[in-house]
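In: Pasting the sequence and the predicted model now:
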Amino acid sequence: MTQQPTMTKQPQQVDELLARMSLPEKAGLLFHPMIGIGPGGTLAAADPDAGLLAAEELVLQRRITHVNLVGTAAAADLARWHNHLQDLAASTRLGVPVTISTDPRHARSANPNTAALAGVFSTWPEPLGLAAIGDPELVWRYADTVRREYLAVGIRAALHPQADVATEPRWPRVLGTFGEDPELVSRLTVAYLDGLQGPELGPGSVAALVKHFPGSGPVRTGEDPHFRYGAEQAYPGGRLAAHLAPFVAAVRAGAAQVMLGYGMPVGTELPPVAFAFNHEVVTGLLRRQLGFTGVICADWGVLTDACFRGEHRPARAWGVEHLDPAARLRTALHAGVDQFGGEARPDLVVDLVRGGQVTEEQIDASAARILRDKLRLGLFEHRYVDPERAEQEVGNSAARADGLAAQRACLTLLRNAVPGDHARLPLAAGLRVYAEGPLRAALSPRWTIVSDPHQADVAVLRLPAPFERRTGKIEAYFHAGSLEFSPATMDRVRAISAVVPTVVDVYLDRPAVLTELAGCVAALLVSFGVDDAALVDVLAGQATPAGRLPFDLPRSQQVVLAGQPDAPFDDPYPLFRYGHGLTY
């Protein structure tokens, strides 16, 4: 067996590597672009329409050694693709291995800007569902499963967990958080890190990029900072410390890397520029006050404009839009950023150094942190993975069973029907059930399915949480706007519930105003990324709903608009409080 690098040897190895590197090779370390996968695990050709470069261009010409995988494939094909990419890296002058990262891949959401469908990986609840269960041991088991499945296909960096505190209920990214309570978010983030990284980063670890520092929850408009109209973060309640708490815990727990948020603070003593360009946040707060010594990565696309499927995407350079990409890069480097996600412009670094605007010593400091993590992960010694083992490990029966059990457990019963009502949960055997869409097939083995509510004993409906649909190709993926159901949705539910006792499950990807709904249905559940099969098991009583709300649910949109975006639990009279949940 090849000798693993020891902690005492790593500084010397880093110094030796840096001494051999040219400036362009060092510059390549500072970029972390996206990359596709070809058919059968081949290296994909360039996809200009999606803004993706070919692997040969990235590795051989731009000397990139970090890539963020988009797209999916069979487990063995993912492993083969990884090995092909490492072959390419091994052919370079110094043979520096590539670190492959990914957004979350173990749930049912599919916003291509933030997460991927589970595909061949085991399927679990969204992080909100894990928060509804609230068990750090379960979160550790989940993260350990993610670690083992990632390792099998060669993914060595996770662009998660999302340690943001969800204090603004309209924010479209609440789904990826552990909810509204800073203390719970902190505990579950630490458990997540332990499952991914272990006691210290090593050859059996997946490096975690904890995001989005210093906490992206308090968005002033309730929108998302992927877009300029959602860029401002406000702290009228003076609660910045609540948002920092999970990151303080993560740094103490040994988080390898931290990703910065897109937002820009307003109404504070901090400069009103995006966090990637904010020296007081990156160096002053994260490096000096929190004592973080790992890699600091800017979120994707803060330097250069891009085009995705014909839609222009401006750089998320909020507050410094007037600067050109080179000036933005210089500002971010001076702020203390080590690496840039979604970008592949090492030429700009070379030009800045050769033009005397950035010192090579500064580049060396960032390159050293990045190389140190490659060495700690054992990438130089164990460059390849086994496709056959990948097929056996990824999505195996034990992992899928654990994921399904967690889906059942996160279901949260807010209100049950009165005893004797056909809608009383668990549902009795022999009932005639009205349902719609794919849910009919999941219900049919246990109950008689009818197509007319008038012929049913009970109706079962699944609804998505309300949102205002946006027109842009990218914006449409972000569920933003009002938390109230549309009149058309409520008219349909009222019409059905007027005919037959009705059970409703609402998929909460963020909080929702359930006041009208709770007033007209017999039983009300909420879920956080749950398959129909898991819901049916709970409806039938084969599993018990064990979830508790990971945030308050407001009574009205007006209450939400009157709230403070940075303050947890500032609603004095929520419809359902944090921690509410019934059981059988």
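Out: Yes, it's here. The structure presented is a predicted model; accordingly, all values stated were derived computationally and were not measured.

In: rest of the way, CA atoms for contacts and neighbours
Out: Will do.

In: list the contacts for Glu223?
Out: Contact analysis of Glu223 by C-alpha atoms under 8 Å, 6 or more residues apart in numbering lists 170-172, 229-231, 480-481.

In: same question for stretch 350-357, mean pLDDT?
Out: Averaged over stretch 350-357, pLDDT sits at 98.

In: CA atoms only: put it into CSV for me.
Out: Provided in CSV are the C-alpha atoms of stretch 350-357 (Å, rounded to 0.1, in the frame of the first residue of the first chain):
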residue,chain,number,x,y,z
VAL,A,350,-1.2,36.0,-14.1
ASP,A,351,-1.9,39.4,-15.6
LEU,A,352,-2.5,40.9,-12.1
VAL,A,353,0.7,39.5,-10.7
ARG,A,354,2.8,40.4,-13.7
GLY,A,355,1.3,43.9,-13.7
GLY,A,356,2.2,44.4,-10.0
GLN,A,357,-1.3,44.7,-8.8
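
In: hmm, who's touching that stretch?
Out: Outside of stretch 350-357, the residues within contact range by C-alpha under 8 Å, 6+ apart are 23-24, 27, 326, 330, 358-360.

In: let's see it at 7 Å
Out: 23-24, 27, 358-360 (C-alpha atoms under 7 Å, 6 or more residues apart in numbering).

In: Point out the other helices and strands that the worst-scoring helix or strand of the chain on mean pLDDT packs with.
Out: The helix or strand with the lowest mean pLDDT-type score in the chain, counting by mean pLDDT, DSSP states H and E, is strand 306-308 (a mean of 88). Identification of packing neighbours for strand 306-308 by 3 or more C-alpha pairs under 7 Å, 6 or more residues apart in numbering; DSSP states H and E yields strand 311-313.

In: how distant is the helix or strand just after the strand it packs on from the center of its chain?
Out: With elements assigned by DSSP states H and E, the helix or strand that comes after strand 311-313 is helix 325-335. With C-alpha atoms, centre = their mean, to the nearest Å as the basis, helix 325-335 stands 26 Å off its chain's centre.

In: for stretch 255-267, same thing?
Out: On C-alpha atoms, centre = their mean, the centre of stretch 255-267 falls 14 Å from that of its chain.

In: now stretch 442-449
Out: Using C-alpha atoms, centre = their mean, the offset of stretch 442-449 from its chain centre is 34 Å.

In: what about that stretch, average pLDDT?
Out: 97.

In: And it, what's buried?
Out: 442-443, 446-449 (16 or more other C-alpha atoms under 10 Å).

In: Can you report how many residues neighbour the closest residue to Glu280 other than its chain neighbours?
Out: In space, and not counting its chain neighbours, Glu280 is closest to Leu270: 6.7 Å by C-alpha to C-alpha, 6 or more residues apart in numbering. For Leu270, the count of nearby residues is 14 (other C-alpha atoms under 10 Å).

In: show me what contacts Asp452?
Out: Tyr434.

In: any idea how far it is from Ser444?
Out: 15 Å (C-alpha to C-alpha, to the nearest Å).

In: List the contacts of the helix or strand harbouring Ala442.
Out: Ala442 belongs to helix 439-443 when assigned by DSSP H and E. Identification of contacts with helix 439-443 by C-alpha under 7 Å, 6+ apart yields 449, 532-533, 536.

In: C-terminal to it, what's the next element?
Out: strand 448-450.

In: and that next one, which strands flank it?
Out: strand 432-434 (parallel) (DSSP bridges).
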